[in-house]
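J.: Please find the sequence and the predicted model below.
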Amino acid sequence: MIASVVALVDGSGPLWDSTLAALRERSEIEVGKLIESRLPLTLEADDGDGLDSLTDWMLSLPGIFHVNVIFVHFE
Amino acid sequence: MSFNRTHILWRFAAAVIISLVIVGYFVGLQSPMNPAQPATRPISPPAVAAAQAENSSSVSIIPAPFYSDMTELKWGPTANWKTSLKSLRLPPTQFDETKQVTISPAQKEFALAMRQTNRAFNGAPPTIPHLIDQMSTVACMACHESGFQSESLRISKMSHPYLSNCTQCHVEANPQHLKPIKFRESTFVGLPAPTGGPRAYAGAPPQIPHATWMRNDCLSCHGFTGLLGLQTTHPWRQNCNQCHTPAATAEQFPLSQEPEFLPAIPLTSVAD
Amino acid sequence: MTPAQIQTPESRRQFIKMSAMALATTAATGWGPNSLPVFNASVPEGADVVWNKAPCRFCGTGCHVQVGVQDGRVVAIAGDKDAEVNKGLLCVKGYHVGGILYGQDRLTTPLLRRGDRYQAISWPAAIDIIADKIEAAPDRFAFYGSGQWTIPEGYAAQKFMKGGLSNNHIDPNARLCMASAVTGFLATYGVDEPAGCYDDLDHCDVLIMWGNNPAEMHPVLFSRVVDRRSRGETITLIDIGTRRTRTTGHCQHYLEMRGHGDLAIANGIAHLLVKNKTYSEKFVTEYCNFKAPDEANPNLHGRPIPFDEYVKMLEPYTPEYVEQLSGVPAEQIRMLADVFGNPALKITSLWCMGMNQHTRGTAINSLVHGIHLLSGHFGSPGNAPTSLTGQPSACGTVREVGTLSHALPGGGLVANPENRQMAEEIWHVPSGRINPKPGFHTVEMWEHFCKSAADGGLIDTIWVQVTNPGQTLPNLGKLFDGKAALKEKFLIVSDVYPTATTRLADLILPSAMWVEKNGIFGNSERRTQQWFKQVDPPGEARDDCWQTLAVAHRLFERGFEGMQDSAGDFLFNIIDPKSSEPIPFWQWEHYYDVNVDQHLFEEYRKFSRMKHKDLAPYTEYVKARGLRWPVVEREDGWHETRYRFTEGLDPYVAIGKGIQFYHSSTKDDRAQIWFHPWEPPAELPDQEFPLMLCTGRVLEHWHSGTMTRRVPELSRAMPGAYIEVHASDAAQAGVRNGDRVVIESRRGSIEGIIWIEGRGKPPQGSVFVPFFDETMLINQLTLDAVDPFSKQPDYKKSAVRIRKVE
């Protein structure tokens, strides 16, 4: 499953760079270009639970407040 | 009831796709921007995926036709409709007025955030998340007079008494006759929705933290067609104002004193 | 990536990921059709919101809003439940009126043009530049304002020009908007402004809308009528128009006419009333005279005619002939005549731009008053011919303060020696200061400005306040763009945002707006409404009124004689009672030491008695949600007047008179019922330009869109202008919905998007384009022909053609 999401973030916080680096490190996450406080991303997982845990993980990072789901591709 | 915030979001995604297919076919709505609250019965993503997989063609969103193009369209089933119909859920179990509703802070926060997405400030008329008939308001009343809630779609109930000219205050958020453009940036910051009313003491019923003008049907937001995070926890009680009182500051009660200009020098030469 | 490449699972996955990322990015921008909405509310909770009253900044309805202010910023708006006009309801523009203050591109510093760039300059330097221009040639300076001037702003400009510069070249954009309504009222009653008020909407049985779309343009008033239906009342709504609109959807009858068909329809009704003897003989005999145009000497007095001659003139206007002229079936003309012929029905007529933007605007205004008088549908609640205004103070500032090239405050005329004398006395200026010759009206003013001195152009400098002529003048190529090539011309623009006008400005002054300043507006029903400053303007933006007074004082400092009163003091002096010294309000830091509005208003109020448009003291308006003039003092306080000219309702009507038109132009307390013949529009479609263009407004945007297009909710709902055509005309031109076309007239051309079966439905042969979009200046195409009496142009009838952009 591939999902496109937009995260609501605080891109000016002190820990933002480390958050961004952590996101970039994971191969199943592709990070887009930050637009004001919105960060477009694509997530890839085997099933819904995988997407769930990815999102949970993202929400645990400093500077990420909310994840909006835009589109999910089921294959 | 167990509740997982991220689960809601995935269910949203599923609900959006299903309802787009169904609603797109029947009604021509472009996108249900006002999806239902997360259903109590879960739609598991694998089930949806299976339903989708039956259809070999495509999972892409079917574009709804413009009203203006209706006359030229050929009518009939689209490629996806049969498979999608299978996954159309019955409405959720009837709203049970005798059962206590539990709402987590996260649900409430989410509901308030949802609510902010289609109004400029708390008290502003919400914008319309779907295409509308430009010329008549009869269609508005068909759905919004009483509101409705299914697993995939939530139709809000009017919060005020019937007013004939709906489009006077409610305008489309995403009109289709022209692409939305960013004309000029605004730095306006609207008044946020209050998160709760003040209580006289712990356990006392909270005061209504917003104006009730044009929002005098409490059930519009706090009843079963409202977002879950805003619903009343005690649906068996019917007389809201018995315990919850309006706040004078929000209600335009007559001003205790007249509006005043900055300390001014009294009128002089021109008065006589 | 071609379809073939997507075949492998890996490339397919890549493709989906790419699409997913594109979708997410679009959503994140907040402006795509499927994007995430923009979150507006992010201020912290807690701090108290202070609420205060103000009239809405937009149209002439004059709704009151409650303005919520927190930490020096407007954060919320609510309908004012105590306001009689709107009773707590607003329209979508009104609910978002607070947002207009916060466009990111607010003008915040004076800017002077240097070649193709602007340089920020100080206020003293800007004031000096204006003073230099005026000193160099006071009679070649003109002031162009609008019905958005507050009453004190307009009054200051009026006194500055006519009492200070002895220059009558001051005119407002209202000339483009309701000048024909004024001439209609003057020709009929001898005095301007409606006799009825909005209360008529609560009482009428029949509402006739003449070329009017109140569902979008005056929604609060329209709702006041249609919401009566949901309370179980029966009201007949009749729409006479040239295109189906949202209003039409609520009406029982829709009479679709061709442009200028209204003249024929009104005459057709009068014809049948007389023929069927269903007119009110009593009303006509007791209260009316008959008039016809004086061909030899056209003026608003016309020539008196006997009833028989009036009947004879109406003779040709049989329903069948009217059908031929207007396109409205004879049956519907008979229906209208039956409505007017029924004395049991209470009939209110509403009109706005359809009848005013009309090269026979004075005629059609007079004719509609005429059928109300002829049938006796006048002078009681529910029976009234009422014109609506589009600007918040078109009545207050333009018609009452008289910021027109021929007028003086309170309904006076510069050509009238008594009126001049009165003004000179109130202003304490020497006799003879006011120039008796009317100045240039709007179209003339801009014609002279866009013509070099060598070619006879008599205006060198124009100061524009609170309006956007670069978008709203007709035939822009001729009346505005012509300035660009003329080096000696100087355009000063006071505004809040960059506009189509500032693109040619030489000096741009940043203004305060709405609740950033004190103000008073006057709405369509004679209601005068006051508000106080509630937030500070951004940067160096300052009140328009201050700008005018600062220039006046700079001229005074330089010894300019006109800025002195008879005693040699400053024309606008305000004395501090404690120190007996003048208060230096011309210095910005001292402007709010005193309520300048109050001082100007109290002086202006002295003019209001002349035509019985009595205004109450300023302090009364502070307490009220507006008061309708004449406001007359009795033992128990000040009382407003709902209905004029009717005994018992208007304190100036003598006892026993019934109806008394006490400003009758024939000095006999009678109103004038006019005959005017049908005449064709100034331009008709032909083979070359086969379509009739009508321009107008939409619900979401107010006039040129300067304010509303900076409110995200409004801008998203109606992102840009469009070209509405009939499906068969579109087919003829080979275009479909959403296609880009060129629309052109003999005067200019622009490009736009086709919208068929959209917001409105124009009949075959006609096109509608709204004028709010500064990126689509439809006024490049419109005709600059004007009504002979009111000098108001016609924006509703220009011949055009469309062709597809390949």
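T.: Noted; the coordinates are in hand. Everything quoted here is computed from the prediction, not taken from an experiment.

J.: For stretch B:112-129, measure first residue to last.
T.: 17 Å (C-alpha to C-alpha, to the nearest Å).

J.: Stretch C:709-724 now?
T.: 20 Å.

J.: Just the mean pLDDT for that stretch, thanks.
T.: The pLDDT scores in stretch C:709-724 average 92.

J.: What residues of it count as buried?
T.: C:709-724 (16 or more other C-beta atoms under 10 Å in any protein chain shown). (C-beta placed from N, C-alpha, C; glycine too.)

J.: ok, now stretch C:580-590?
T.: In stretch C:580-590, counting by 16+ other C-beta under 10 Å, buried: C:P582, C:I583, C:F585, C:W586.

J.: pLDDT on it, on average?
T.: 94.

J.: Count the neighbours of C:N299 for me.
T.: 11 (other C-beta atoms under 10 Å in any protein chain shown).

J.: Give me the phi and psi angles of it.
T.: phi -150, psi -180 (degrees, to the nearest 10).

J.: Next: C:D773.
T.: Given degrees, to the nearest 10, the pair of backbone angles that C:D773 has is phi -90, psi 110.

J.: correct me, but it touches C:G705?
T.: Yes: when contacts are counted by C-beta atoms under 8 Å, C:D773 is listed as touching C:G705 (6.4 Å).

J.: of these two, who's got more company?
T.: Set C:D773 next to C:G705 and count neighbours by other C-beta under 10 Å: C:G705 wins out with 29 against 25.

J.: Contacts only, for the nearest residue to that one once chain neighbours are set aside.
T.: The shortest distance from C:G705 to any non-neighbouring residue, by C-beta to C-beta, 6 or more residues apart in numbering or on different chains, is to C:F772 (3.7 Å). With contact taken as C-beta atoms under 8 Å, 6 or more residues apart in numbering or on different chains, C:F772 is in contact with C:R697, C:V698, C:H701, C:W702, C:H703, C:S704, C:G705, C:T708, C:R709, C:M718, C:A721.

J.: distance of the closest residue to A:G13 other than its chain neighbours from A:D52?
T.: Counting by C-beta to C-beta, 6+ apart, A:G63 is the residue found nearest to A:G13 once chain neighbours are left out, at 4.6 Å. Counting by C-beta to C-beta, to the nearest Å, the gap from A:G63 to A:D52 is 21 Å.

J.: Need the three-state assignment for A:P62.
T.: With DSSP: H, G, I helix; E, B strand; the rest coil as the basis, the three-state label of A:P62 is coil.

J.: re earlier: dump the contacts of C:F772 into a markdown table; add secondary structure and distance to C:D543 as well.
T.: A markdown table is the format used below for those (DSSP: H, G, I helix; E, B strand; the rest coil; distance: C-beta to C-beta, whole Å):
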| residue | secondary structure | distance to C:D543 |
| --- | --- | --- |
| C:R697 | coil | 27 |
| C:V698 | coil | 30 |
| C:H701 | coil | 25 |
| C:W702 | coil | 21 |
| C:H703 | coil | 21 |
| C:S704 | coil | 21 |
| C:G705 | coil | 23 |
| C:T708 | helix | 22 |
| C:R709 | helix | 24 |
| C:M718 | coil | 31 |
| C:A721 | coil | 32 |
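
J.: what about stretch C:335-350, average pLDDT?
T.: Here the average pLDDT along stretch C:335-350 is 97.

J.: Is that stretch positioned near chain B?
T.: No: Stretch C:335-350 stays clear of chain B (C-beta under 8 Å from any C-beta of the partner chain), getting no nearer than 15.0 Å.

J.: May I have the phi/psi pair for the residue in chain A that chain B sits nearest to?
T.: Among all residues of chain A, A:G48 sits closest to chain B, at 3.1 Å; criterion: C-beta to the nearest C-beta. Main-chain torsions, A:G48, degrees, to the nearest 10: phi -60, psi -40.

J.: thinking it is in contact with A:M1, fair?
T.: Yes: contact criterion C-beta under 8 Å: A:G48 and A:M1 qualify, at 7.0 Å.

J.: out of the two, which sits in the more crowded spot?
T.: A:G48 (25 against 20).

J.: Contact partners for C:D105?
T.: B:R184, B:E185, C:Y497, C:P498, C:R710.

J.: Just the buried ones from these?
T.: Buried by 16+ other C-beta under 10 Å: B:R184, C:Y497, C:P498, C:R710, out of the contacts of C:D105.

J.: burial of C:V767, as a residue count?
T.: With other C-beta under 10 Å as criterion, C:V767 counts 25.

J.: Also C:M335?
T.: With other C-beta under 10 Å as criterion, C:M335 counts 15.

J.: Contacts only, for it.
T.: With C-beta under 8 Å, 6+ apart, C:M335 has these contacts: C:H253.

J.: chain center to the strand or helix carrying it: distance?
T.: Using DSSP states H and E, C:M335 maps to helix C:330-340. Here helix C:330-340 shows a centroid-to-chain-centroid distance of 31 Å under the convention C-alpha atoms, centre = their mean, to the nearest Å.

J.: that older thread, just the buried residues of stretch C:709-724 that are near chain B?
T.: Among the buried residues of stretch C:709-724, chain B is touched by C:709-720, C:722 when using C-beta under 8 Å from any C-beta.

J.: Enumerate the residues of chain A near chain C.
T.: Residues of chain A lying near chain C (C-beta under 8 Å from any C-beta): A:2-6, A:30, A:32-33, A:35, A:38-42, A:44, A:68, A:70-71, A:73, A:75.

J.: Let's see which of these end up in strands.
T.: If you go by DSSP state E, these have A:2-6, A:30, A:38-42, A:44, A:68, A:70-71, A:73 in strands.

J.: Of these, keep whichever come out buried.
T.: A:2-6, A:30, A:38-42, A:44, A:68, A:70-71, A:73.

J.: and the stretch 101-250 of chain B, which of its residues are near chain A?
T.: Residues of the stretch 101-250 of chain B lying near chain A (C-beta under 8 Å from any C-beta): B:A113.

J.: Low-confidence ranges, the stretch 101-250 of chain B, go.
T.: B:150-152, B:180-182, B:202, B:247-250 (pLDDT under 70).

J.: Close to chain A: what parts of chain C are there?
T.: C:13, C:16-17, C:19-21, C:23-25, C:27-30, C:34, C:36.
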